[in-house]
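A.B. asks: Can you look at this prediction? I've put the sequence above it.
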Amino acid sequence: MNGKRGLILIGMALGLIWAVAIVWVPQRLDLPFIPAPIAVPGALLAPGLFLILVIGRLAQRRFFAYGMIDGQPFAAGSGAAVDQAVLTNTIEQLVLALVIWPFVANSLGGAVVLALGFGFEAARVLFWIGYHLSPRLRSFGFAATFYPTIVAAVWSVVAWIG
């Protein structure tokens with residue numbers, strides 16, 4: 001396996017470990033019950049704040065760059081193009097969360113969804129930083145955002161069936 005794939009695989013593996021911890025730990029702690037109608041909006045606050053950061057950064061880039069102020073496409077490989085890719089992927093991840101997390105809150109509890117929300121924001125920050133440093137370094141941030149939602153969905157379905 002070449003160095004690029006190896007680094008990506010390590011990021012993916014660490015993201016899976018992160019995912020299991022994000023879903024498992026809140027269930028093992030003796031936390032007070034948080035109803036889903038309260039937990040889900042609370043969980044979505046952190047990802048929403050991250051969207052504000054990325055959208056604001058893109059607006060700032062456009063405002064201060066003569067070649068982008070009129071809405072021209074970002075130059076391939078530029079910092080602005082990376083920010084746009086981060087925004088696009090974050091919206092994709094957030095749509096997935098919006099359709100999965102309410103079920104998770106009802107089946108596994110509000111604490112799990114709150115952990116998913118704060119974990120989402122932390123993972124997105126790492127994704128954003130990693131992407132700017134080197135595209136390969138975004139793998140952990142991607143996996144640590146995507147995998148928790150998938151692990152929580154599977155865990156919830158198993159709990160609901162059982």
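C.D. replies: Great, that's in hand.
A.B. asks: Could you say which helix or strand holds the residue lying farthest from the centre of the chain?
C.D. replies: Using C-alpha atoms, centre = their mean, the residue of the chain lying farthest from its centre is Tyr66. It sits 31.6 Å away. For Tyr66, there is no helix or strand it lies in under DSSP states H and E.
A.B. asks: How many residues are close by Val125?
C.D. replies: 14 (other C-beta atoms under 10 Å). All C-beta spots, glycine's among them, are computed from the backbone N, C-alpha and C.
A.B. asks: who are the neighbours in contact with it?
C.D. replies: Phe50, Gly141 (C-beta atoms under 8 Å, 6 or more residues apart in numbering).
A.B. asks: What strand or helix carries it?
C.D. replies: helix 110-133.
A.B. asks: Let me know the angle separating the helix or strand following that helix from helix 110-133.
C.D. replies: The helix or strand immediately downstream of helix 110-133 is helix 139-161, counting by DSSP H and E. Angle, helix 139-161 to helix 110-133, by axes from the mean of the first three to the mean of the last three C-alpha atoms, to 10 degrees: 160 degrees.
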